[in-house]
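Peer 1: sequence and predicted structure, then a few things I'm wondering about:
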Amino acid sequence: MTPLLIAPSVIAADFGYLRADLARAEQGGADMLHVDIMDGHFVPNITFGPAMVKTMKSLTKLPLDVHLMISRPRKFITAFVEAGAANITFHIECEDQIRTAIDEIVYYSRTAGLAVKPRTPLSAVKEHLGAINRLLIMTVEPGFGGQTFMEDMMAKVKQAVEWRREGGFKYDIEVDGGLNRYTIWPAVRAGAEVIVAGTSLFSQVDLGHAIQDLRDNARDALAYLTAPPIEEEPG
Ligand code: DX5
Ligand code: ZN
């Protein structure tokens, strides 16, 4: 199993203090930074483009996990590679040829991820599971930070674990949206390994403590999952 990876979502950072916020994520023990790219078309919001990602890259040593919520990801793969993305994830619901886009990302020696919106069945990505490094299961409707975690998406996470085992695939399973010290319980118990968290991390004064708190809760949730049954007193 992949060790738990914590990915603070930059969308929740204070952009006026971006340098400081990225530094406190790095010093706080984050494993990567999650960068949400929105085009105002695929989702009803706009965030940043390759130039901002390049700036972020210059401000941190953490790998950048770029999440493209854009209709035409292929147009921008080269730009985000050059900006410094370590991983590029795009949506199965986009308008481009899926396998071609995956191949392009892999061609640039970046890891490739596929994301699935809450209302899209997981079966939509099934034929691509052998080709990807990361499967992003959205736990909110993409577009905005600060929304409520959709626990019913955990059925998809469990299915993704099952299909990975059956197919001998290598992708890790990422969840994104509404993750905090409580919702991480069902997430890791279902099998999620990459935890994206925006609001619940950047809203905290002590980001390092908040990251550690997520790790502690994940550990407790998994320990509880595997705890031996309590033996009953005979008679
Ligand atoms: C939603 C984004 C998420 C989200 C995470 O479209 O992909 O990354 O902003 O933020 P929180 O943790 O605040 O839900
Ligand atoms: Zn995201």
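Peer 2: Structure's in. What do you need? Ligands and ions are numbered 1, 2, ... in the order given.
Peer 1: okay, and for this structure, where does confidence drop off?
Peer 2: By pLDDT under 70, the low-scoring segments of the chain are 1-2, 234-235.
Peer 1: for ligand 1, what is the nearest residue in it?
Peer 2: residue 198 (2.8 Å; CB to the nearest ligand atom). Where you see a C-beta, it was placed from the backbone N, CA and C, and this is true even at glycine.
Peer 1: close to ligand 1, is stretch 210-221?
Peer 2: No: with CB under 6 Å from any ligand atom as the criterion, ligand 1 is not reached by stretch 210-221; the gap is at least 11.1 Å.
Peer 1: if we can go back for a sec, so what's the residue of the chain closest to ligand 1 up against?
Peer 2: Counting by CB atoms under 8 Å, 6 or more residues apart in numbering, residue 198 touches 8, 9, 10, 11, 12, 34, 145, 146.
Peer 1: next, count neighbours for the third one.
Peer 2: In terms of burial, residue 10 registers 26 neighbours under the definition other CB atoms under 10 Å.
Peer 1: cool, and the fifth one?
Peer 2: Residue 12 has 18 neighbours, counted by other CB under 10 Å.
Peer 1: now the last one
Peer 2: Neighbours of residue 146 under the rule other CB under 10 Å: 13.
Peer 1: wouldn't it be in contact with residue 11 here?
Peer 2: No: the criterion here is CB atoms under 8 Å, and residue 146 misses it with residue 11 at 9.2 Å.
Peer 1: how about the strands of this protein, start to end?
Peer 2: Secondary structure of the chain by DSSP state E: the strands cover 5-8, 33-38, 64-69, 87-91, 111-116, 134-138, 172-176, 194-197.
Peer 1: columns distance to residue 158 and mean neighbour count on top of the ones you listed, output as TSV?
Peer 2: Converted to TSV, these look like this (distance: least, CB to CB, whole Å; neighbours: other CB atoms under 10 Å):
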stretch	distance to residue 158	mean neighbour count
strand 5-8	19	25
strand 33-38	22	25
strand 64-69	22	27
strand 87-91	20	27
strand 111-116	14	22
strand 134-138	10	26
strand 172-176	10	26
strand 194-197	16	26
